[in-house]
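**Student:** what follows is a predicted protein model with its sequence.
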Amino acid sequence: MSYDVVGGDCPQPGRSTRITWWRAARAGTTGPHDVAALVADVADELRGEARRLGLMPRAVGVVAPGIVDAAGGTVVWAANLDWRDLPLRRIVHERVGMPVALDHDVRAGGVAEARIGAARGTTSSLFPALGTGVSGAFTTDGRAYAGTHARAGEIGHMVVRPGGARCGCGGRGCLETEVSGPAVARKYAEAVPGARAGAAEVAARAEAGDPVARRVWLDAVSVLADAVLAAQLLLDTPLVVIGGGMSRAGETLLGPLRDLLAERATVQHVPRIVPAALGDTAGCHGAALLAWDAPNDGVVAG
């Protein structure tokens, strides 16, 4: 299995300093400890590369999926990586010897969109990331709210269809089982036996007029609309920024979503719906911003 460690150039509004990042890929990692070591190794390589370019690294920002205790520097649970109670911040710090900030990948992506992306200039926003899984981030004044137990934003496990498909969390009918890329592909395969089409292909076929693809796609959008309206009752944000791989469907996703929100809203404010400006690099920009904030926030290993 291969893993990507992604970075890039992240300008800071109103500041002369730039946050620079690169992309690196590694193959052959087989277990959870291998992946953790990969992250630490790549961070160390990037530190060396920065110094060769005449730059002075300040800190390292690391993001991970799952339940992440940012204050404690621990990945509590990341099912896809088989991580439980992994002290990832300490592992990276021991390798690079610099301040390290750790957070959830989607929360970091939400912060990036809030500060330098589609939600810049907006006081608060909701950032649902729709991809292999589903998660979200609620940001206000450029900061993400993690909750008391680091579980805020796990909207993928909001039950939207009680008694529905079994989710990896153990529940049934979670948003992730209805709206994620694999969920859309699964439902299309159920409707067309033998069909093998990913969510992007289902969206393309729906746009081209395939009636089965359109039904499957619009059913997923319908579920997403219910979830957004439920979130609005709690958060009341003026803006929802749709991220993740499925956001690449553009207006095929956003158009019907806007229509359904306007049709179904009762007491909710109907938020403005826009695509993520930073695409699939939102989490990478967010990691860079974590590093930028780290020395000032006092984030160190531990």
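**Tutor:** It's in.
**Student:** residues contacting D69?
**Tutor:** V75, V76, A150 (CB atoms under 8 Å, 6 or more residues apart in numbering). In this view, the C-beta of every residue, glycine as well, is placed from N, C-alpha and C.
**Student:** need those residues in TSV (columns: neighbour count, pLDDT and secondary structure).
**Tutor:** Output for the contacts of D69, formatted as TSV (neighbours: other CB atoms under 10 Å; pLDDT from 0 to 100; DSSP: H, G, I helix; E, B strand; the rest coil):
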residue	neighbour count	pLDDT	secondary structure
V75	26	95	strand
V76	16	94	strand
A150	21	91	coil
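**Student:** could I get these as JSON lines with distance to G181?
**Tutor:** JSON lines is the format used below for these (distance: CB to CB, whole Å):
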{"residue": "V75", "distance to G181": "23"}
{"residue": "V76", "distance to G181": "24"}
{"residue": "A150", "distance to G181": "25"}
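**Student:** ok, so of those, who is nearest W83?
**Tutor:** Closest approach to W83 among the contacts of D69 (CB to CB): V75, at 4.7 Å.
**Student:** for that closest one, list the residues it contacts.
**Tutor:** A64, G66, I67, V68, D69, L81, W83, R84, D85, L86, L88, L102.
**Student:** for it, give the beta-bridge partners.
**Tutor:** V68, L86 (DSSP bridges).
**Student:** so the residue most central in space within the chain, which state does it fall into?
**Tutor:** Of all residues in the chain, the one closest to the mean position by CA atoms, centre = their mean is V106, 3.0 Å from it. The three-state label for V106, taken from DSSP: H, G, I helix; E, B strand; the rest coil, comes out as helix.
**Student:** likewise A129?
**Tutor:** A129 is classified as strand under three-state DSSP.
**Student:** so which residues of the stretch 1-150 of the chain form helices?
**Tutor:** 32-52, 88-96, 105-116 (DSSP state H, counting those that start in this stretch).
**Student:** between those, which gets nearest to L239?
**Tutor:** helix 105-116 (9.4 Å).
**Student:** mind checking how far the closest one is from the chain centre?
**Tutor:** Helix 105-116 sits 8 Å away from the centroid of its parent chain (CA atoms, centre = their mean, to the nearest Å).
**Student:** mean confidence for that helix?
**Tutor:** Averaging pLDDT along helix 105-116 gives 97.
**Student:** returning to what we had before: just the buried residues from the contacts of V75, in ChimeraX please.
**Tutor:** Restricted to buried positions by 16 or more other CB atoms under 10 Å, the ChimeraX selection for the contacts of V75 reads:
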select :64,66,67,68,69,81,83,86,88,102
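**Student:** relative to L234, which of the contacts of V75 is nearest.
**Tutor:** I67 (19.4 Å).
**Student:** how close does the closest one get to R84?
**Tutor:** 10 Å (CB to CB, to the nearest Å).
**Student:** need the longest helix for the chain.
**Tutor:** helix 211-235 (DSSP state H).
**Student:** any low-confidence regions in the protein?
**Tutor:** 1-30, 295-302 (pLDDT under 70).
**Student:** got a list of what the residue of the chain most remote from its centre touches?
**Tutor:** Of all residues in the chain, G54 has its C-alpha farthest from the mean position, at 31.9 Å, by CA atoms, centre = their mean. Neighbouring residues of G54 by CB under 8 Å, 6+ apart: there are none.
**Student:** next one: I155
**Tutor:** Contacts of I155 (CB under 8 Å, 6+ apart): P128, V134, S135, G136, L175, A227, A231.
**Student:** can you verify my assumption that S125 contacts L235?
**Tutor:** No - with contacts counted by CB atoms under 8 Å, S125 stays clear of L235, the gap being 9.1 Å.
**Student:** hang on, the earlier thing: what touches both of I67 and R84?
**Tutor:** The contact lists of I67 and R84 share V75, V76, W77, where a contact means CB under 8 Å, 6+ apart.
**Student:** of the contacts of I155, which is the nearest to G156?
**Tutor:** Once CB to CB is applied, the member of these that ends up nearest G156 is V134, at 3.4 Å.
**Student:** give me the angle between the host helix or strand of G255 and helix 211-235.
**Tutor:** Counting by DSSP states H and E, the element that carries G255 is helix 251-264. In terms of direction (axes from the mean of the first three to the mean of the last three CA atoms, to 10 degrees), helix 251-264 departs from helix 211-235 by 60 degrees.
**Student:** now helix 251-264: how far from the chain's centre is it?
**Tutor:** 21 Å.
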